[in-house]
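**Q** predicted coordinates and the sequence they were generated for:
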Amino acid sequence: MNEKWDLSILYTGFDDPALAADTAALDECIAAVNALAAKAEELPHGELLRAYIDGSEKMSLLTSKLYIYAMLRYSGNTTDNEASSMTGRLMAKMSATAAAEAKLSHIIAGYEDLDEQIAADEKLTAHRYLLTNIRRDSKYLLSEKEEELFARMNISGASAWDDLQSSLTSTVTVDYRGEKINLSTARNLAYDTDPAVRKDAFEAELACYDKIKDSVAFALNSIKLQVLNECELRGYESPLAKSLYTARMKKETLDALLGAMQEYLPKFWQYLRAKAKALGYEGGLPWYELFAPMGKSDKKYTVEDARDYLLGIFGKFDTDLHDLVARAFNEAWIDFYPRAGKVGGAFDCGVPSACQSRVLTNFDGAFGDVVTLAHELGHSFHDSRVFSHSVLNQDYSMPVAETASTFNEVVVMNTAIAEATDKQEKLALIENQLQDATQIICDIYSRFLFEASVFENRPNEFLSADRMCELMLTAQKTAYGDGLDHDCLHPYMWLCKGHYYSGSLSFYNFPYAFGGLFARGLYAKYQQEGAAFVPTYKALLHATSVNDVEECAMIAGIDLTDKDFWRAGLQVIADEIDEFCALVAE
């Protein structure tokens, strides 16, 4: 089976004639949108709207195809200068449309007959959500020249700082037991069965950050200050308010989610203390033992094992999901293994031009890596549900972005636990699920608190690396309580998590808690309704790119502003914690 993904569905290389042709076609699209903006005020409303949709579709397909190729090449090898250069060139090209896009948006937003025009034309009706959002987003638009200037400056601003963090964390070497390994490999050792390996790898990981901490701190300071300035200029109340608005999610939903999480934090602390006691520690758990395997958890999986295991589970749920997973493995959609220069973690990237996805993981053979594959292939399944929309209607917001991925995790873990016959195997599976649940509740809450504190403090001070560590430790102590040993936390979680480094996507943390609990709520409905629920689930995923978050949930009859909904999902985890505590007590 392949070790790396096949990118030939995009291009065969940077010298591919098709890439040159698409770049030239993109230049033509850019010229066309600028020409459309120049004459926009003279055109009948319906004609302008149709021309805007047609031009935007062509440009979006070309831009996504070119950018995705460069991004995937760079993710696989951050020393690929051609990839980073191409990304820069694309950003420069697209910045040349910022003024035209702003002008067209202002004009469209000002149409008093916009609703009538949409209703009278089939193509416009298909893009109702897009067009009505242009109207409601217009209050945050700057002038045409300001939008163009901001787009151009961002290339050497937040985007460049983001690339710096990716480059430094993917190329830094970790000195571990006399050899040099990459950061992803070192972090994967947190799952090793040998406690000495886990401890040594953790200490080596922390030590490696000293080489790059000042540079990455400078990057984070610069990005967050840019976000604060942009929010002020555009009129957003705060970066969090901007994130919620962009996510098409109500503040009441976030308040209900966080409120329920805070109520249940002590239950997670109980789990961590029970794990610490079972591993021989007094008090809280040391950070390097968060992912320590328990029970019978020494099984290693090849990628072929992972494929067969996931196909067996998903085949019982839905044929479409089963077939997509089979294609992902068999048609080289996945880049599996860690290597020098490859970015850490895991992600999915939908490829609209091919109606496929590409998945990056750092597979090491543990059961958690199989679950990670299930998670990312859930994103791929979500991609497949929106590909039937116009390319302009395929983007879904942060909170619902984690729905299908976490649903896949829940399906896999619940199936594995239900099929376990040996007590030690069951303990291992339950503990693995609780590891993940603790990440989406305690760790995500700590990340939320940390990012909020950075935004709060950045206007008045430059946050040194040591200050960043201080803020992170404070957040971890609040979120993990007495569940962790406060003398052994992870002060550098701000450095190794790429989610903090986007200039356009702040607070990419609470969506994981949202997705984890929302998916559990959906899974509970699946347990109640059986196969009859699957069409509802797929319809909900299909709707995520053309509806606000709360409207999507109502397809399944869920009120997201009701704290009781979130409590129900948390109680399921609380029950698993009780079962875990009983097992380790034996």
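**A** Cool, the structure landed.
**Q** other residues contacting stretch 568-582?
**A** Contact partners of stretch 568-582, identified using C-beta atoms under 8 Å, 6 or more residues apart in numbering, comprise 260-261, 263-264, 267-268, 270-271, 274-275, 427, 430-431, 433-434, 437, 441, 516-518, 520-521, 524. C-betas here are computed from N, CA, C, even on glycine.
**Q** my bad, stretch 411-419
**A** So stretch 411-419 is contacted by 310, 313-314, 316-317, 370-371, 374, 426, 429-430, 432-433, 436, 523 (C-beta under 8 Å, 6+ apart).
**Q** circling back: what's the PyMOL line that selects buried ones from the contacts of stretch 568-582?
**A** Only the buried members of these end up in this PyMOL selection, burial being decided by 16 or more other C-beta atoms under 10 Å:
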select buried, resi 260+261+264+267+268+270+271+274+275+427+430+431+433+434+437+441+516+517+518+520+521
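**Q** show only the entries of the contacts of stretch 568-582 found in helices.
**A** Members of the contacts of stretch 568-582 lying in helices (criterion: DSSP state H): 260-261, 263-264, 267-268, 270-271, 274-275, 427, 430-431, 433-434, 437, 516-518, 520-521, 524.
**Q** report the buried residues of the helix ranked longest in the chain.
**A** As assigned by DSSP H, the longest helix anywhere in the chain is helix 45-76. For helix 45-76, the neighbour count (16+ other C-beta under 10 Å) marks 46, 48-53, 55-66, 68-76 as buried.
**Q** care to break the protein down by domain?
**A** The record's domain split for the chain, according to automatic domain parsing, is 17-154, 162-295+436-501, 303-426+515-585.
**Q** pull out the buried positions in stretch 228-246.
**A** By neighbour count with 16+ other C-beta under 10 Å, stretch 228-246 contains the buried residues Leu228, Glu230, Cys231, Tyr236, Ser238, Pro239, Leu240, Lys242, Ser243, Leu244, Tyr245, Thr246.
**Q** what do you get for stretch 287-305?
**A** Trp287, Tyr288, Glu289, Leu290, Phe291, Ala292, Pro293, Met294, Gly295, Ser297, Tyr301, Val303.
**Q** my read is that the third one contacts Ala196, right?
**A** Meaning Glu289. No. Assessed by C-beta atoms under 8 Å, Glu289 is found out of contact with Ala196, at 11.8 Å.
**Q** what is the neighbour count of Pro535?
**A** By other C-beta atoms under 10 Å, 10 other residues sit near Pro535.
**Q** ok, it - contacts?
**A** Contacts of Pro535 (C-beta under 8 Å, 6+ apart): none.
**Q** can you give me the pLDDT of it?
**A** What the model reports as pLDDT for Pro535 is 97.
**Q** which of the three states applies to it?
**A** helix (DSSP: H, G, I helix; E, B strand; the rest coil).
**Q** look up how far Arg327 lies from it.
**A** Pro535 is 21 Å from Arg327, where distance means C-beta to C-beta, to the nearest Å.
**Q** what does the least confident helix or strand in the chain by mean pLDDT rub up against?
**A** The helix or strand with the lowest mean pLDDT-type score in the chain, counting by mean pLDDT, DSSP states H and E, is helix 144-155 (a mean of 84). Residues from elsewhere that reach helix 144-155, judged by C-beta under 8 Å, 6+ apart: 88, 91-92, 94-96, 98-103, 106, 141-142, 226, 230, 233, 503.
**Q** switch the cut-off to 10 Å
**A** 37, 87-92, 94-106, 141-143, 157, 159-160, 226, 229-230, 233-234, 503-504 (C-beta atoms under 10 Å, 6 or more residues apart in numbering).
**Q** report the buried members of these.
**A** Neighbour-count burial (16+ other C-beta under 10 Å) applied to these gives 37, 87-88, 90-91, 94-106, 141-142, 157, 159-160, 226, 230, 503.
**Q** between the buried residues of stretch 287-305, which is nearest Thr474?
**A** Set against Thr474, the nearest of these by C-beta to C-beta is Trp287 (15.0 Å).
**Q** which ones are touching that closest one?
**A** 190, 198, 202, 206, 476, 480, 484-485, 487-491, 493.
**Q** repeat the analysis, applying 7 Å as the threshold.
**A** Contact partners of Trp287, counting by C-beta atoms under 7 Å, 6 or more residues apart in numbering, are Phe202, Leu484, Cys488, Leu489, His490.
**Q** thought Pro286 was touching the first one, still the case?
**A** What that stands for is Phe202. No. Using C-beta atoms under 7 Å, Phe202 is not in contact with Pro286; the gap is 8.3 Å.
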